[in-house]
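J.: no FASTA, just this:
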């Protein structure tokens, strides 16, 4: 089955998964890219994607496929932010007229257990351009079981102090392999900023799932002042469901 072909040993430590094996972190060219022909019918596209992500798939497996193996021009994830999350991916676009284009988007929807319950394809017109598919070729994966300080240092290499909001948002959307898309820092961590859920893993000491959160904070000039990394039990519902920005 094609879905199994993408269960590589470099899966991110999401959804209580195991930690990353040594050597599978950092920047690496994504050469196993699946590209969807957007000129096919919606149903043909849907069936092709279901071949990689069958109904009933765990959200972690769909995240891996979308973020590491699917050629996209945009993507987003509500996993960990809402009770019944979804994952979206812009598969491509075709010129419409003037500055308009027709986008083709896939939307994976999950139930409360984070199992895939539906996959829908939609087409819509939009102004302006999209990201280039090449922008997504170098995913940044982070071993969640590293210390908070080590994770912070890795992220600072990609988003240095003084970076503007646009460049950080672009990094999160196109390169960072995270469980969630951007969310309000106050809603997710209790502190102002731009935040994501980096992922979840099972802590062997406590025996409970741990959620790793990252929050980028700003100075008065809207430049990056600090990166805050924190952990909270996934069983703690205080910030379990936050409203995403997308």
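T.: Thanks, I have it. As the structure is a prediction and not an experimental result, all values here were calculated from the model.

J.: the domain parsing of the protein - what is it?
T.: According to automatic domain parsing, the chain comprises the domains 2-134, 141-233.

J.: quickly, which of the ones you listed bottoms out on average pLDDT?
T.: Among the domains of the chain, domain 2-134 carries the lowest mean pLDDT, a mean of 77.

J.: sec struct for the nearest residue to residue 223 once chain neighbours are set aside, please.
T.: Excluding its sequence neighbours, the residue lying closest to residue 223 (CB to CB, 6 or more residues apart in numbering) is residue 162, at 5.0 Å. For every residue, glycine as well, the C-beta is placed using N, CA and C. The three-state label for residue 162, taken from DSSP: H, G, I helix; E, B strand; the rest coil, comes out as coil.

J.: and what of residue 46?
T.: helix.

J.: what ranges do the helices span in this structure?
T.: Taking DSSP state H as the criterion, the chain carries its helices at 2-5, 42-52, 59-64, 148-158, 165-174, 185-189.

J.: deepest of those helices, which one?
T.: helix 59-64 (a mean of 24; mean count of other CB atoms under 10 Å).

J.: which strands and helices sit next to it?
T.: Using 3 or more CB pairs under 8 Å, 6 or more residues apart in numbering; DSSP states H and E, the elements in contact with helix 59-64 are strand 86-97, strand 100-110.

J.: number of nearby residues for residue 141?
T.: Using other CB atoms under 10 Å, residue 141 has 23 other residues around it.

J.: that one contacts residue 178, doesn't it?
T.: No. Under the criterion of CB atoms under 8 Å, residue 141 is not in contact with residue 178, lying 9.7 Å apart.

J.: verify the stated contact: residue 87 with residue 108.
T.: Yes. Contact criterion CB under 8 Å: residue 87 and residue 108 qualify, at 4.5 Å.

J.: list the contacts of the nearest residue to residue 226 once chain neighbours are set aside.
T.: Closest residue to residue 226 apart from its sequence neighbours, by CB to CB, 6+ apart: residue 217 at 4.9 Å. Contacts for residue 217 (CB atoms under 8 Å, 6 or more residues apart in numbering) come out as 185, 191, 192, 193, 224, 225, 226, 227, 228.

J.: please check those and keep the buried ones.
T.: 185, 193, 224, 227, 228 (16 or more other CB atoms under 10 Å).

J.: closest one to residue 156 out of those, please.
T.: Among these, residue 227 lies closest to residue 156 (CB to CB), at 6.1 Å.

J.: hey, what's the closest one bridged with?
T.: Beta-bridge partners of residue 227, counted by DSSP bridges, are residue 216.

J.: shouldn't it be in contact with residue 213?
T.: No. With contact defined as CB under 8 Å, residue 227 does not count as touching residue 213 (11.2 Å).

J.: joint contacts of the two?
T.: The contact lists of residue 227 and residue 213 share no entry, where a contact means CB under 8 Å, 6+ apart.

J.: out of the helices and strands packed on helix 59-64, flag the one nearest residue 149.
T.: Residue 149 sits nearest to strand 86-97 of all those, at 30.1 Å, using CB to CB.

J.: ok, residue 70 - how many residues close by?
T.: For residue 70, using other CB under 10 Å, the count is 25.

J.: from here on, call the first residue 5.
T.: I'll keep to 5 as the first residue from here, and by that count the last item is residue 74.

J.: please report phi then psi for the spatially most central residue of the chain.
T.: In the chain, the residue lying closest to the centroid (CA atoms, centre = their mean) is residue 182, at 4.3 Å. Main-chain torsions, residue 182, degrees, to the nearest 10: phi -130, psi 150.
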